[in-house]
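Q: the following block contains a protein sequence and its predicted model.
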Amino acid sequence: MNTSERAPNVLELCAGAGGQALGLERAGFLLAGAVEIDPDACKTLRRNRPGWQVFQQDLRNFDCAPFKGVDLVAAGVPCPRFP
């Protein structure tokens with residue numbers, strides 16, 4: 001990467017515990033933010049990657065406007081609840 005290039009960035013939706021985000025990080029992306037509703041998954045994200053910006057909230061209420069211009073919006077398919 002030359003000095004005029006920058007690493008691409010990604011906004012991760014339905015981030016879960018961060019598996020897809022970790023893969024994207026390994027592929028050279030910088031995480032602009034991770035959105036996840038589950039508090040336990042957010043705790044895992046924050047513990048494993050303290051530098052990541054994690055938003056614990058419902059996507060229906062998340063304001064994506066500050067992330068306009070990210071290179072990639074990635075999302076994990078929400079997992080169904082199991083009995």
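A: Yes, it's here. Numbering: from 1, shown residues only.

Q: what's the neighbour count on residue 13?
A: Here the count is done by other CB atoms under 10 Å, and residue 13 has 19 residues near it. Backbone N, C-alpha and C define where each C-beta goes, glycine included.

Q: over to residue 40?
A: Other residues lying near residue 40 total 9 when counted by other CB under 10 Å.

Q: next one: residue 38
A: Based on other CB under 10 Å, the number of other residues close to residue 38 is 16.

Q: where's it relative to residue 58, distance?
A: Going from residue 38 to residue 58 by CB to CB, to the nearest Å gives 11 Å.

Q: now swap in residue 8 and tell me
A: Noted for residue 8: a distance of 27 Å to residue 58, by CB to CB.

Q: same check on residue 67?
A: Noted for residue 67: a distance of 16 Å to residue 58, by CB to CB.

Q: comparing the two, which residue is more hemmed in?
A: Neighbour count, other CB under 10 Å: between residue 67 and residue 58, residue 67 has more, with 16 against 10.

Q: phi, psi of that one?
A: With angles defined as degrees, to the nearest 10, residue 67 sits at phi -100, psi 10.

Q: my guess is it contacts residue 34, does it?
A: No: applying CB atoms under 8 Å as the test, residue 67 and residue 34 come out as separate, 11.1 Å apart.

Q: output the below-cut-off pLDDT ranges for the chain.
A: For the chain, residues meeting the criterion pLDDT under 70 lie at 1-4, 79-83.

Q: would you map the helices across it?
A: 19-26, 39-48 (DSSP state H).

Q: the inter-axis angle of the shortest one versus helix 39-48?
A: Comparing the axes of helix 19-26 and helix 39-48 via axes from the mean of the first three to the mean of the last three CA atoms, to 10 degrees yields an angle of 20 degrees.

Q: buried set for helix 19-26?
A: Within helix 19-26, the residues scored as buried using 16 or more other CB atoms under 10 Å are 20, 21, 24, 25.

Q: who are the packing partners of it?
A: When contacts are defined as 3 or more CB pairs under 8 Å, 6 or more residues apart in numbering; DSSP states H and E, helix 19-26 packs onto strand 9-13, strand 30-36, strand 72-75.

Q: any idea how far residue 33 is from the residue lying closest to residue 39 once chain neighbours are set aside?
A: Closest residue to residue 39 apart from its sequence neighbours, by CB to CB, 6 or more residues apart in numbering: residue 56 at 6.1 Å. Taking CB to CB as the measure, residue 56 falls 12 Å from residue 33.
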